[in-house]
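A.B. asks: Predicted model, plus sequence, below.
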4 protein chains.
Amino acid sequence: MPARCGEAFIQGLKNPRNIWMNGQRISDVVGHPALSGAAHSLAEVYDLQLKHSDICLGIDPETNDNINLAHIVPRSKEALIRRHKCLEKIAQFSVGLMGRTPDYLNLTFAGFSGNKSNWAAHGNEEGGENLIAYQKQLANADWALTHAIVSPTSEKSSGNVPHEADNMAVHKVENTENGILIRGSKALATLAPFADELSVYPRTPMPIGAEKYMLAFVIPVSTPGLKFLCRDSMSVKRNDFDHPFSGRFDEQDAFVIFDDVEVPRERIFIDGNREVYNNVMTKTHMPNIMQQTMIRAQVKLMFAWALGRRMAEIINDNSEATQKMLGEIWCYAEFTRSAITNSEAEASAHGDNFWTPSAPPLHALRCMLPYWFPKVSEYLKLIGSHYMFSAPRAASINDPEMKHLIDLYLGGTANVTAEQRAQIFRLGWDFIGTEMAGRNEQYERFYLGSGSRNLQNVLGVARTDASDDLLDQFL
Amino acid sequence: MPARCGEAFIQGLKNPRNIWMNGQRISDVVGHPALSGAAHSLAEVYDLQLKHSDICLGIDPETNDNINLAHIVPRSKEALIRRHKCLEKIAQFSVGLMGRTPDYLNLTFAGFSGNKSNWAAHGNEEGGENLIAYQKQLANADWALTHAIVSPTSEKSSGNVPHEADNMAVHKVENTENGILIRGSKALATLAPFADELSVYPRTPMPIGAEKYMLAFVIPVSTPGLKFLCRDSMSVKRNDFDHPFSGRFDEQDAFVIFDDVEVPRERIFIDGNREVYNNVMTKTHMPNIMQQTMIRAQVKLMFAWALGRRMAEIINDNSEATQKMLGEIWCYAEFTRSAITNSEAEASAHGDNFWTPSAPPLHALRCMLPYWFPKVSEYLKLIGSHYMFSAPRAASINDPEMKHLIDLYLGGTANVTAEQRAQIFRLGWDFIGTEMAGRNEQYERFYLGSGSRNLQNVLGVARTDASDDLLDQFL
Amino acid sequence: MPARCGEAFIQGLKNPRNIWMNGQRISDVVGHPALSGAAHSLAEVYDLQLKHSDICLGIDPETNDNINLAHIVPRSKEALIRRHKCLEKIAQFSVGLMGRTPDYLNLTFAGFSGNKSNWAAHGNEEGGENLIAYQKQLANADWALTHAIVSPTSEKSSGNVPHEADNMAVHKVENTENGILIRGSKALATLAPFADELSVYPRTPMPIGAEKYMLAFVIPVSTPGLKFLCRDSMSVKRNDFDHPFSGRFDEQDAFVIFDDVEVPRERIFIDGNREVYNNVMTKTHMPNIMQQTMIRAQVKLMFAWALGRRMAEIINDNSEATQKMLGEIWCYAEFTRSAITNSEAEASAHGDNFWTPSAPPLHALRCMLPYWFPKVSEYLKLIGSHYMFSAPRAASINDPEMKHLIDLYLGGTANVTAEQRAQIFRLGWDFIGTEMAGRNEQYERFYLGSGSRNLQNVLGVARTDASDDLLDQFL
Amino acid sequence: MPARCGEAFIQGLKNPRNIWMNGQRISDVVGHPALSGAAHSLAEVYDLQLKHSDICLGIDPETNDNINLAHIVPRSKEALIRRHKCLEKIAQFSVGLMGRTPDYLNLTFAGFSGNKSNWAAHGNEEGGENLIAYQKQLANADWALTHAIVSPTSEKSSGNVPHEADNMAVHKVENTENGILIRGSKALATLAPFADELSVYPRTPMPIGAEKYMLAFVIPVSTPGLKFLCRDSMSVKRNDFDHPFSGRFDEQDAFVIFDDVEVPRERIFIDGNREVYNNVMTKTHMPNIMQQTMIRAQVKLMFAWALGRRMAEIINDNSEATQKMLGEIWCYAEFTRSAITNSEAEASAHGDNFWTPSAPPLHALRCMLPYWFPKVSEYLKLIGSHYMFSAPRAASINDPEMKHLIDLYLGGTANVTAEQRAQIFRLGWDFIGTEMAGRNEQYERFYLGSGSRNLQNVLGVARTDASDDLLDQFL
């Protein structure tokens, strides 16, 4: 069956790859203490689709195989609503802490496939065919695919467009017998050590003359010359009481270096075609992928609300301030829910009968979530206060000398044991206080562009006519 | 035809009433300079339903008459969606600046009627029948009805529940031959000088012993002993260029004094029945009326967005800060839209086949709009800056000596004349800077309860189970 | 005696002047209902210096006359501390609502005089002498002087620097027999209708080629061709109970048009001298004038705190939220106090033995007060809520029919009468809700540059070395 | 010499103590990987006073010995200004990241000593004498003293006052031959594993009947029965490039259990004396200790400003948004500086000729810093964005294979090497992103009471008369 199980995913990780962390090359991803936790969690995500195949899988229209719904181009509103449940199931697994589970790029490429007439145009027919073929292969192999699209930056003022003679950004060096040779780097590939394949595709339109930077392709992470420089690991030894999240969900980010890498011809989707490069990321791209990102966000917000309520209950905190903060977290979860549901209800078909949710509700979330998440985190920190620091680890609670003292002095209200209290407040700190939590908060601030930039770009996605009419009636 | 025209409304205002403003009793509401503007605007609202009868009117199921949709108990999701368009049309007329146009109480009473089994219960069958009969009369007469539900307060700490021996709150003094005699006051009746009738109904549950305060009834504003003490008028002489809003839309608020008022028996809906008083404002009340309030809010936010964009365009303000503020206003409008649409899509029937939108999306708006509106106002003030003060009045623009100087020195970018620039920035100041604008901002902070109180009450309206499940998977 | 009394100021207002408001030219400033209130308040400010001559006046070192301390160049730290008390006394009169009382420009010109070697330089010796002579004349005549320094804007994107061939900004047309002929406009002159004289001086450095815009001068407001276009009046009929502020303190703002105005030679301080124009606003300018602006701000914040506390007391509002808001207002007042006191303690002499407070504490206030004042206003609106609307006017309270009802239903806690309650809440609304209050809030956002712009300019006024050292110890 | 060196401090840590972490008892504090870093940093703090003895030390008026200025009761304004420099020097060492360096409690006890007539009163003469004797001993031994004053909480709603029959809070069990036996716990003792002694003293006034909880004393941390349960260590292996802060400055916090501990008579300062217990924390306590806390805060804010500027420079981020955030950080540093300087300038003597800075400026900081620090942290996160994650460790930079790739692809602007860029952004992440940084942010939110609570308590520390006068002039 195409939909892989966790064990198959783990096997795939044994392919060679050039992963660096803390000045050392890692030979065994699955066995490395900093990576093992997330590797096994991702395996669980693969198992999840089989365990909940009724929710997560659907029939591949061409092969009749059962594949993850994220691989299938949505052809109706109902398909989107079915896909919603699949995405939600995956998001629930990590309460939204893993943003780049494979479904994210699966539906990105399903979207590209849904948009195929834009790729296979302007003389790029071969590239377009390659893309379509690749997307089928991806769906069938059920690989873990990641992406690297942000260029490295020495100067923020230059945006994401390479300078003339920019040697830092990924660029084509020359044609080779079987494809092209590329060189340069990308600033960020989340999930990199756990991926089977790496994709590069357009982000910002580029000017004439920058053709060598106009590239779209996918290569295996085992491709020679491809090197990943991981950020500090924020993973700790797995212990589900002490660290329910940071022992399991550090999906890692890496700086990507293309130290002379050959991309085979059949894996090239764009090679210097400006017309295609600058137009292929159509207005359907964002609403397609944001179905995933916003469902994940909603799950995370709902979890944050439950967590905040539970912490407050345990210490019987009924203060006005705490009630207000909890109420506000709920509001954000509810706006997110309404925006998603509404965007699905307003779904429509685009060229090639590719369906996406409507864009405006999701863009509004894209603008505000980078502000809401840090606020939610702040609120949980205010509610959890010093209780998060006096929550002992399992080993202390179970130590014969300490146990009765902990029971005596660190219990919660009424019927809450010291162990239960410790568990909730440790959960709280692991959600907003540990280093992985800090990286997650940072992820929310930036992963779809900063809130600030998105707000400035609203005019590009919003319709102005109805509001203009309201004004013009007074002129 | 039951649906009244503006002229009929104006005629109705000639009934005697005891209205005080600035230490003087006003004998002629329509002719008084502080009230004339809004009186005629409300007349236009009545005319509007006839002009747009396809949108605003529907068939009364009992009389087959054409009445405003706000009078009709919604019996299906489609009925709510039709009502949406009617409410939107009315809100657009004043870009949401008039919050208490008659549709507000019309749908409140339609909602009471939809809930009749709650009113006609526990021995209050007569009161319930009176209510049903009154609602039909209201629909048929198409009166302007207002309400006064907040008790006067000498001590904020006591909440809205009268003290023992509280003589300030409205209370029953004794039975009379034809009804009951009441005495006391209410803190606020918006629209009072323009209303035909005044309603009083429950707000906060009351304890045993407070039976004399448990009242629900409607009386004509012309009832002897009923006195209205208006706040300062914020209406100015109508000139649609100089003051497009404050010349027309000051709906007024009044303190209401019941200086020994007799309520006739057939207009009494609750008279000391605690069981009914404390349970009649069921969970359907808020979503029913919030369909009106949130559609109004959305219209106002959309207008604010257009206004902010237009001001920025005229002075060619492309700054990052301004673009961000405009983007944020749009986001709020879009969240509001999504929440309303989603609440209508999730509409459901309650006892007696009374349909309302789903509550959570609207409650989330109720919590946050009191914070969003002042923020929007702040943003418009920052964008409009001193340009709002250098925008001359029509008379200056038209003065022979000044006109050419104004053209010379106060024009906008490219093809914007000084007159157009002045009009937009005057519109801006009248929307957020004049005294009426200040009252409107204050209205948004408090008219559905303060944001702070609503946030604290979230647990009463939100479901916790799904979010608890997310948490419990880690315990 | 040089220090004028109020009556002398009022006499001065009878000089002819070209003041436009609402499309009409105003012939009698003192008698006009929109201007009379502020005219008499400014007269009171003049009387104040005589009544408190021990605090407000000092000996002119040249004439031995008693003049306002704001006219005297500070020659020591003690002189600054004495001036503080004078400025505070004036600010207290209007609790900071009048920002441009004459002391503001008096100390501006005392500062220019203190900096005379910068004016009388680079071939501008005559201009410098004119300036010194003028400042003595000003001190001696004790005129009300205003200023207009912001250029009119059709495009915000161009900043305050005139375009080439910009006909909107004030510019020199030609030399005349007795001086120069100028033409153009200025965006804002606060106090204009009440001023005896109008000053123009540099704001933003200008490029080579823009010489005709490089002007500094003072002329009487009665100069032919000088026209003032007032913004809407926000003054109401004076009644100290109903409108304690907006009946008295609307200092007015006007757009200024130089419709071919001749400036006599002896009143010209800069005429196209770029070297002087671009360097004369030295780093001493802001701390000198900010002593006045920040003392005024502190008075206003202290008043806001007292007002908020009093409103809360009257309705017995002890909520956590209100206590927090009140605490925050106090903090802002206290930071302002500390910053001013500290800047005076750190005062130092500059060239020509001109003393000013130290700049950094005052610049920090300049950055943040535009954000703090609107926040304070928001807090007072939340505390005052609907109580500000149910506060009756004096005429209602004194009406025989209404008085006993108002006493009965609109009293405050314990020993607070309805009249006292009404007075405080009316005071509150007049401070933050009436149109004049709205203009005041807007003034605070912008009068020393917007908060946003000031924050961006911090690097121009702050020293970085000590903080860099802290960082470098880790490198 | 009394002033200890680092080596002496390290020797002291070898005394036995009952420290638990992660379910294990730690036998060797200095050698334990989680504690070694901070132990040696604290040793450096001790060495610092000797290295900068001109700044840090002064003559003990009784012994003529050279002791740290924090041990000496300030007897003049000049003494406070001298002490300022000592405190600043210590704060600079850890850029304010260590809040509880020994100077904190040294000046707390110097303050108690300065207030001795309050302790030795109402029949507590012996306790008072014990306190004075202890403070001399402390100064002479130069111990590291910590404190535990917050009671453990099962219910937040009960505040810090023990319930009747509360067995969780520290309480006296009985008199013993040489002192008293106590039992119970305290919620938090920062620095506990590194302290020589532990103090307990009053925090919140207590009611009659709670005498057994009214205790003040100091005991050695080696006292039998005294157990410390450390929170998770946030210390990492020291590497000054990779982790300049979290390898060195984790001062630890511990929950303290008094598992039947005997306090010797001469170390008891209060034993059930309610009059003394409830009055000994006079209004001089907070301004005395806040001189230390606010100097530390100022140093930290200045560092944050330098860090933010440096990050922005390296990537040439000149955006409006970044400039504004940097400007705001500077403002907070400057307000803090002004408030401290002003409070010292306004210093005054209290009974017993004990001098403290004036309280209001420091209380204003106490209210607002818990809000400012998280904001500053947010700003640095926005400026550092993903650059903090792509900053490689020293080992990667020095690896032969990676070095040239890192140089090629991860450099900064113009003359900034990849190594320098990495160092600054790693410094940034260690300051605001690592787990220790998260604990530090949490510390700032709560260590002097939450911002929310402090704001509510403003009326207890602020004078109202001058502001009331401003209001009353209008009544």
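C.D. replies: Nice, thanks for sending it over. Given the structure is predicted, the values throughout are model-derived calculations rather than measurements. Numbers count the residues shown, from 1 in each chain, chains lettered A, B, ... in the order given.
A.B. asks: all contacts plus neighbour counts: C-alpha atoms, from now on.
C.D. replies: OK.
A.B. asks: Helix, strand, or coil at A:Leu188?
C.D. replies: For A:Leu188, the assignment made with DSSP: H, G, I helix; E, B strand; the rest coil gives strand.
A.B. asks: who's in contact with it?
C.D. replies: Counting by Cα atoms under 8 Å, 6 or more residues apart in numbering or on different chains, A:Leu188 touches A:Ala148, A:Ile149, A:Val150, A:Asp253, A:Ala254, A:Phe255, A:Val256, D:Ser390.
A.B. asks: What is the neighbour count of the closest residue to the fourth one other than its chain neighbours?
C.D. replies: The shortest distance from A:Asp253 to any residue that is not its chain neighbour, by Cα to Cα, 6 or more residues apart in numbering or on different chains, is 4.0 Å, and that residue is A:Thr190. By the criterion of other Cα atoms under 10 Å in any protein chain shown, A:Thr190 has 22 neighbours.
A.B. asks: any idea which element A:Leu427 lies in?
C.D. replies: Element membership of A:Leu427, judged by DSSP states H and E, is helix A:418-432.
A.B. asks: Show residues contacting that helix.
C.D. replies: In contact with helix A:418-432 (Cα under 8 Å, 6+ apart) are residues A:241-246, A:307, A:310-311, A:314, A:377, A:380-381, A:384, A:387-388, A:390-393, A:397, A:406-407, A:410-412, A:436-438, A:441, B:475.
A.B. asks: Are any of those buried, and if so which?
C.D. replies: A:241-246, A:307, A:310-311, A:314, A:377, A:380-381, A:384, A:387-388, A:390-393, A:397, A:406, A:410-412, A:436-438, A:441 (16 or more other Cα atoms under 10 Å in any protein chain shown).
A.B. asks: Can you tell me which residues in the stretch 201-350 of chain A are near chain C?
C.D. replies: Within the stretch 201-350 of chain A, the positions near chain C by Cα under 8 Å from any Cα of the partner chain are A:Glu320, A:Ala321.
A.B. asks: residues from the stretch 201-350 of chain A in reach of chain D?
C.D. replies: Counting by Cα under 8 Å from any Cα, the residues of the stretch 201-350 of chain A that sit close to chain D are A:229-232, A:253-255, A:257, A:314-319.
A.B. asks: any chance of these in a markdown table, plus secondary structure and pLDDT?
C.D. replies: Putting these into a markdown table (DSSP: H, G, I helix; E, B strand; the rest coil; pLDDT from 0 to 100) gives the following:
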| residue | secondary structure | pLDDT |
| --- | --- | --- |
| A:Leu229 | strand | 97 |
| A:Cys230 | strand | 98 |
| A:Arg231 | coil | 97 |
| A:Asp232 | coil | 97 |
| A:Asp253 | strand | 97 |
| A:Ala254 | strand | 97 |
| A:Phe255 | strand | 97 |
| A:Ile257 | strand | 98 |
| A:Ile314 | helix | 93 |
| A:Ile315 | coil | 90 |
| A:Asn316 | coil | 90 |
| A:Asp317 | coil | 92 |
| A:Asn318 | coil | 90 |
| A:Ser319 | coil | 91 |
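A.B. asks: Top of these by number of neighbours, please.
C.D. replies: A:Leu229 (29 neighbours).
A.B. asks: List the residues that contact that residue.
C.D. replies: A:Leu229 makes contacts with A:Ile19, A:Trp20, A:Met21, A:Ala254, A:Phe255, A:Val256, A:Ile257, D:Ser390, D:Pro392, as judged by Cα under 8 Å, 6+ apart.
A.B. asks: one more time with 7 Å, if that's ok
C.D. replies: Taking Cα atoms under 7 Å, 6 or more residues apart in numbering or on different chains, we find A:Leu229 in contact with A:Ile19, A:Trp20, A:Met21, A:Ala254, A:Phe255, A:Val256.
A.B. asks: cool, and A:Ser113?
C.D. replies: A:Ile132, A:Gln135.
A.B. asks: show me where the stretch 101-250 of chain A has helices.
C.D. replies: A:103-114, A:116-119, A:125-141 (DSSP state H, counting those that start in this stretch).
A.B. asks: before we move on, back to that, between the following helix or strand past the helix holding A:Leu427 and helix D:418-432, how big is the angle?
C.D. replies: Toward the C-terminus, helix A:418-432 is succeeded by helix A:435-446 as the next helix or strand (DSSP H and E). Per axes from the mean of the first three to the mean of the last three Cα atoms, to 10 degrees, the angle that helix A:435-446 makes with helix D:418-432 is 110 degrees.
A.B. asks: Single out the most deeply packed of the helices of the stretch 101-250 of chain A.
C.D. replies: helix A:103-114 (a mean of 25; mean count of other Cα atoms under 10 Å in any protein chain shown).
A.B. asks: Spell out which parts of the stretch 251-400 of chain A neighbour chain B.
C.D. replies: A:302-303, A:306-307, A:320, A:323-324, A:327-328, A:331, A:334-335, A:338-339, A:341-342, A:361, A:364 (Cα under 7 Å from any Cα of the partner chain).
A.B. asks: Please check those and keep the buried ones.
C.D. replies: A:302-303, A:306-307, A:323-324, A:327-328, A:331, A:334-335, A:338-339, A:341-342, A:361, A:364.
A.B. asks: So what touches the helix or strand where A:Ser452 lies?
C.D. replies: Element membership for A:Ser452 (DSSP H and E) is helix A:451-456. Helix A:451-456 is contacted from outside by A:Cys367, A:Met368, A:Pro370, A:Tyr371, A:Arg445, B:Glu320, B:Gln323, B:Lys324, B:Gly327, B:Glu328, using Cα under 7 Å, 6+ apart.
A.B. asks: Try it again at 8 Å.
C.D. replies: Counting by Cα under 8 Å, 6+ apart, A:366-371, A:445, B:320, B:323-328 sit against helix A:451-456.
A.B. asks: Go through that helix and flag the buried ones.
C.D. replies: Going by neighbour count (16+ other Cα under 10 Å), the buried part of helix A:451-456 is A:Gly451, A:Ser452, A:Arg453, A:Asn454, A:Leu455, A:Gln456.
A.B. asks: Could you measure from the third one over to A:Leu215?
C.D. replies: Distance, A:Arg453 to A:Leu215, by Cα to Cα, to the nearest Å: 24 Å.
A.B. asks: Kindly report the same for the second one.
C.D. replies: Counting by Cα to Cα, the gap between A:Ser452 and A:Leu215 amounts to 28 Å.
A.B. asks: Check the fifth one too.
C.D. replies: A:Leu455 sits 28 Å away from A:Leu215, going by Cα to Cα.
A.B. asks: Kindly report the same for A:Gln135.
C.D. replies: Counting by Cα to Cα, the gap from A:Gln135 to A:Leu215 is 17 Å.
A.B. asks: again, but for A:Gln137
C.D. replies: Applying Cα to Cα to A:Gln137 and A:Leu215 gives a distance of 20 Å.
A.B. asks: swap in A:Ile149?
C.D. replies: 10 Å.
A.B. asks: now do A:Glu7
C.D. replies: 34 Å.
A.B. asks: Ok, A:Glu251 next?
C.D. replies: Distance from A:Glu251 to A:Leu215, by Cα to Cα: 26 Å.
A.B. asks: These two - which one has more neighbours?
C.D. replies: The neighbour comparison of A:Glu251 against A:Leu215 (other Cα under 10 Å) goes to A:Glu251, with 27 against 21.
A.B. asks: pretty sure that one is touching A:Ala195, no?
C.D. replies: No - applying Cα atoms under 8 Å as the test, A:Glu251 and A:Ala195 come out as separate, 10.3 Å apart.
A.B. asks: In contact with the closest residue to A:Asp65 other than its chain neighbours, which residues?
C.D. replies: Leaving out its chain neighbours, the residue that sits closest to A:Asp65 by Cα to Cα, 6+ apart is A:Ile59, at 5.5 Å. A:Ile59 makes contact with A:Asp65, A:Asn66, A:Ile67, according to Cα under 8 Å, 6+ apart.
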